[in-house]
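Chemist: Coordinates only, no sequence provided:
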């Protein structure tokens, strides 16, 4: 399917594809899968630094900060190629923290972080969720006491996915206990090696790792405050408008591999793909993937045309994550008990990905804002329906 | 499928079946369908009076009021047989008003109405909904001014389904403008021929009729007040617990007719019912019908055992009405364009019922409390989840 | 892909929107549905003044020579406004078939009149109602001295009762392995001796007709395309027509969502607009997803057709998805609007009924998913 | 139908509930999942003290001679508590097959030990994992001088690695038209020469095994039932086993709903319990519908089996429905519990994974709907 790029950008995308084809090693793939495609593992760092040296990690950033001044479309296309190649693709730094620093950070912050982010040298972890503040970010309680030239941070975060491999924390803290809740939140950049930080693993049902992060009198220099104090909630919300990006490449790859495999299977003497039920199911997945392609690249198109995808990112996220669950479940339906085999088991199909996806995709509909919250956003921001 | 009845009641049910087989005429069926199975048409009155003379309309009422002192199970079973036979089955009087009179009415009301209801002589229409009070019954505004020995009623009702064929209105009115909204509602029995009442048809997308009813200084004797003044909301809610009954017989009959018809159809040289997709769809409907059977008769079982089906009636209503929509849609999917033909059109299948059901079942999920309200009830009353 | 319209396309779409908003009010939509002809002649003539019947017809035959993409924009606005009439059957099923298969002479004689709005057309293809299928075609065309003799019964032919010219698919030879051989297309004057037409009363009251051909004699030059190649000729037409139908459906879906959201914002229950309830919000969000996904697939398929790229799979994917989505969207709309939506006076119920008809027209979702499976090489 | 339990049944169910609440806490559920044997021997022995392995075994063989309905109540409580172990394979797949097909001598020699909890069993049937099907059976049993020689690979055999006795279905003759002829059942000691077993790592870590029979010699009297009639003998067992699996699933579904509702009542976001949000309420209402519908079908099918009435169709309907419903219920549960539900420490995710395994065990929904269609005469 064609993607709307000018000839210079098309050539870049071609180069990226070639690079991915030649540079991806089995070790990288294994690590990448094990880390659920987040960035920060050893192999990943090696790979990404080489990759990023071409400006491909942050193509749409200005050249002075390590970008190529490209369209968002190229950015989306490259990220999706990376997903398809199953290399790390979740960059809290390049994708969430970096753009916010670009937009709201002062010159010092820009100087200190952007080039290092663009080159893949450093990575961030998002520090938003807390035990009592999941869907309700406004309810966050982690406290940062303002001491003039520094802040003292105390409290707990949960579900901080990159924290154990990242270098910095993009941390949402409460800096004002008075007034409306959303006007007392600030964003700090915190070195995750700072004294007083404890990171504890939380293992998910997919075997992947996320973290609890405890702050105990952690000192953060005031220079690490992003933008205005007490304006953090605004920055977070704006980032949700501009920066949410959920590539679908992995699922496309899995689907293609699944179809290719099923074409080789015979059941009761008949090719499995001649079964009308199987045909209907696979055709339906094919159609849904086509829709995701459009929902995804439409976001880039909107951004390139100066529009704010205020509900479209939510729609893409929901459609994709619902699709993932259907994909995994359909795979298991068609594969029968064989689909239940985990990686390494005798006869496991497609390296056990079917059953892993079945577990993993539960998490996907919740991470990054639950499906229910996304529907609220679509209704309220997309259709203008009133809040309760 | 067996129904739990003692031998006396089993014999009664057998008699009912025989009666239905012998007494149902094409004229009755036509009228009944045209009136969407409500009671009050000319043929229906003839039939039901003969039917009710056996006590079959209100079998579980005490004998002194025209019942047979039977179990609720027999009542449910008879009503479902009637639905299966496609005779009138919606009795606002025998089913909603009557039981409330039994429970809350004084001796005069009982004397005046119950025997006539049990014999099928008179029928009621429910007068609940108003333009501004649909799902939100508490919001009803129709005003009844208390004048001592009578009340003066003014206002408007909508979606009063039986009003044009019924004799009496089971009317919810506001009798107190002060205090909490649910403590100012009363129930009146109003003769629909009273001066000042205007009934205007509202035709639905299924071609069936419901009504707007306008009250203009209508005088209602105080003797027609049911129970205590300002306690009406309590009575309505109690009736929802005890009296909601949604038989599934018509849909079972339609489904059986559909399957019988499909067994005769050949497509591309193959019997249609050998198509794996068709087989899956029909088997699924078969299973769902089985579930409805249990959900329905379970209600009777609970009532007979002194339990209050506080969420189960909502579940049965939702499951049934969802099923109806799937049934109609599946029929159209399998039948193709032929299913779109209306009654009387050349080649219309099963008298055009498939397309009619497709229209009618939209209404079913809304009538008698929308699917959304039913889910609220299930969550709040069935599972104890808190109100917002 | 570029997901925006260019300026000319925007103007065309806006023009169509304004025109139909003005000329096709809800009252006329209702009148047309009750009307025996099933369309407003006056509106037809106004549309003809814009020349929209000629959108994809070459200039030499009086058309605009625009692409299918432009036509899809007009169809979407027709769907939005609730248009019913012989536009689709004339312009898509009729003219497009002639454009695909006609001789220069046939094109001139027919398409000029179509461009002017002076000739109505339709396609008599299906005989069972299970979606287009070669093996169901039993109508025969027998070669006789002065042409062909047609015999057979066609079903579900849209607007045959007012069509000037009916394109009829009939067997002139053996069907071969899957019935796809030996089918030929004929231009038949609706007023010919032996043609009898019965308008069928359908869920959408959309003037689908039974057309019986009883020893209908047509001349030799009414043969459209090569004899025996009719099924192959129709393939492209049917795929494009499916997308055209989707364009109408997307327009309808958009209108339904607007109507429902407007209602949810104003209707109050329990002291608040019902649109503030989460169940209603989520219904609306799901409707929006149905709409946007349908619109994107339709936009893309239309664009490929307009650009002369391959479109078979895109068209099948589009019709499969939009068929299901539009039905679901209208059903959700009813859950939001409640009683107000199911009364005859509500426009919603009109769209609901038409969604079902459109879903099944030219093959439903199951039919098109099977085509997708074939094109996937399964 | 009477939808209530009688007093004895209530006591049995309450006893099982109390027992498992006490003896099978969440920590043990987790331990068992990590355990190589896949079950707690201590718990097994406690269950044996209740005699529950002998629920449906006649008194003469040391059992309670209760009906399948009573067994279904125990299975439901096992499902509720999250029991994993060889109870199902021993009591349902093993003992029930012997009850159905065994000679008096076979019954005595096996069932007495089963009743005492001293013999574990399983059934080696499937070879592909697509649900039980006669034509997939390629394992052979060749008549030799001193018995039969078994050769073949069985897959997805539950708890074969700890079973004392494996019932193996193998071909002793020609399969006939649909492969259903010529299948025989054999009692095989797991420790026999030539039997090799590999525990498979599965989504539910539920000790499904590959069992390879490599020239395994079994004596002539290990034949169970008539030679060549194995498939017919298994029909009833497989239908009953499907309902038994549903009983476990219903128990699990009930526990999941309780867990999720409890969470929704206590977890606060936006200043209120999340259970007050309509989206959460509707998820829970839909879960309740999944549960009640599943419980009713299972109750009814179990009751018919217990009463000796025909149950083929009821069993197939039950497994078809419960397979889908339980999966949906656990998925909805995750939407309600959010991140707290998908962490390894959450019990919900255990039930979620097991729901998938149970859905596919003994044939999934599609498989059983096809059986329903056959029994409908389609």
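Modeler: The structure has been received and is ready for your questions. In this text the structure is predicted, and so the values were computed from the model without any measurement.
Chemist: which residue packs closest to residue A:364, ignoring adjacent ones?
Modeler: Excluding its sequence neighbours, the residue lying closest to residue A:364 (C-beta to C-beta, 6 or more residues apart in numbering or on different chains) is residue A:321, at 4.4 Å. For the C-beta atoms, the positions are set from N, CA and C on the backbone; glycine is no exception.
Chemist: Can you find the helix or strand of the chain with the lowest average pLDDT?
Modeler: In the absence of a named chain, this looks at chain A. Least confident element among the helices and strands of chain A, by mean pLDDT, DSSP states H and E: helix A:232-243 (a mean of 84).
Chemist: Chain C is the one I meant
Modeler: Least-confident helix or strand in chain C using mean pLDDT, DSSP H and E: strand C:268-269, a mean of 92.
Chemist: circling back: how far away from the center of its chain is the least confident helix or strand of chain A?
Modeler: Relative to its parent chain, helix A:232-243 has a centroid offset of 15 Å by C-alpha atoms, centre = their mean, to the nearest Å.
Chemist: which parts of it are buried?
Modeler: For helix A:232-243, the neighbour count (16 or more other C-beta atoms under 10 Å in any protein chain shown) marks A:232, A:233, A:234, A:235, A:236, A:239, A:240, A:241, A:242, A:243 as buried.
Chemist: got it, and stretch C:306-322?
Modeler: Buried, per 16+ other C-beta under 10 Å, within stretch C:306-322: C:306, C:311-322.
Chemist: distance between the ends of stretch C:120-131?
Modeler: With C-alpha to C-alpha, to the nearest Å as the measure, stretch C:120-131 spans 23 Å from end to end.
Chemist: Give me the nearest residue to the residue of chain A found nearest chain B, chain neighbours excluded.
Modeler: Nearest residue of chain A to chain B, counting by C-beta to the nearest C-beta: residue A:276, 5.0 Å away. Excluding its sequence neighbours, the residue lying closest to residue A:276 (C-beta to C-beta, 6+ apart) is residue B:276, at 5.0 Å.
Chemist: do the same with residue A:71
Modeler: Nearest non-adjacent residue to residue A:71, counting by C-beta to C-beta, 6+ apart: residue A:304, 5.0 Å away.
Chemist: Could you measure from the one you found over to residue A:77?
Modeler: 12 Å (C-beta to C-beta, to the nearest Å).
Chemist: of these two, who's got more company?
Modeler: More neighbours surround residue A:77 than the other of residue A:304 and residue A:77, with 26 against 18 (other C-beta atoms under 10 Å in any protein chain shown).
Chemist: Where does the more buried one sit, in terms of helix or strand?
Modeler: Using DSSP states H and E, residue A:77 sits within helix A:72-85.
Chemist: who does the very next helix or strand once past that helix touch, helix- and strand-wise?
Modeler: Going down the chain from helix A:72-85, the next helix or strand is helix A:98-104, by DSSP H and E. Packing partners of helix A:98-104 (3 or more C-beta pairs under 8 Å, 6 or more residues apart in numbering or on different chains; DSSP states H and E): strand A:225-226, helix A:232-243.
Chemist: what helices or strands is the following helix or strand past helix A:98-104 leaning on?
Modeler: Downstream of helix A:98-104, the next assigned helix or strand under DSSP H and E is helix A:107-109. On a contact count with 3+ C-beta pairs under 8 Å, 6+ apart, helix A:107-109 meets no helix or strand.
Chemist: one step back: ok, residues contacting the least confident helix or strand of chain C?
Modeler: B:132, B:133, B:134, B:135, B:136, B:139, C:274 (C-beta atoms under 8 Å, 6 or more residues apart in numbering or on different chains).
Chemist: ok, of those residues, which one's closest to residue B:44?
Modeler: residue B:134 (27.7 Å; C-beta to C-beta).
Chemist: Report the buried residues of stretch A:331-344.
Modeler: For stretch A:331-344, the neighbour count (16+ other C-beta under 10 Å) marks A:331, A:332, A:333, A:334, A:335, A:336, A:337, A:338, A:339, A:340, A:341, A:342 as buried.
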